[in-house]
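Quick one, structure for this:
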Amino acid sequence: MEEQIHFSESDAWIFIAFCETVNNNTFDYVTMVGIADFYQHAIPNYEEVKSFFEKGLKYSLISFKDNIFSLSDKGKEIYEKYKKVKGGAFSRTEIAYKKLNSSRNKLKENSNIPDYNFIRKKEYSEICKCYLKQMEYFFASQACKKNEL
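Numbering: from 1, shown residues only. Next up is the predicted model:
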């Protein structure tokens, strides 16, 4: 099936992280950064995250209502297709990339993009610092447990 290239590989792994972060109409940037780090072994930079949110809204994969980002029905549909494909953690980004860019999605540009205030670069930097601090605590606690044995 022919691809329609709207999304980059960066968009793909951030899409996975976004989907796995959204739960019961809540969204947490720190969790999303952590999940993205798990899949790509890297923290997405500000431009990559902002690009995904812009494209996600533009192609109606995500929605923004009452100051909350969530997964749209189309986004859920693509995510469900993605989850059905077998493959290890290292192949997930490639699978998501193919699912996002499949012409079967029949994605259309949304001309009615909601007005949203995306986080600023400085705020995103603080989110990343918070995530890294959580990882420091995690590794320190693991080292303590190891020493207790």
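
Which positions within the longest helix along the chain qualify as buried?
As assigned by DSSP state H, the longest helix anywhere in the chain is helix 121-148. Within helix 121-148, the residues that qualify as buried by neighbour count (16 or more other C-beta atoms under 10 Å) are Tyr124, Ile127, Cys128, Tyr131. C-beta here means a position set from N, CA and C on the backbone, and glycine is covered the same way.

go on, stretch 4-23?
Buried residues in stretch 4-23 (16+ other C-beta under 10 Å): 7-8, 10-22.

quick one: average pLDDT of that stretch?
The average pLDDT within stretch 4-23 is 91.

and it, how far out from the chain's middle?
Centroid separation for stretch 4-23 versus its chain: 5 Å, with C-alpha atoms, centre = their mean, to the nearest Å.

circling back to that earlier point, and of the buried residues of helix 121-148, the nearest to Asn112?
Proximity of those to Asn112 (C-beta to C-beta) peaks at Tyr124, which lies at 26.1 Å.

which residues touch the closest one?
Tyr29, Tyr46, Val49 (C-beta atoms under 8 Å, 6 or more residues apart in numbering).
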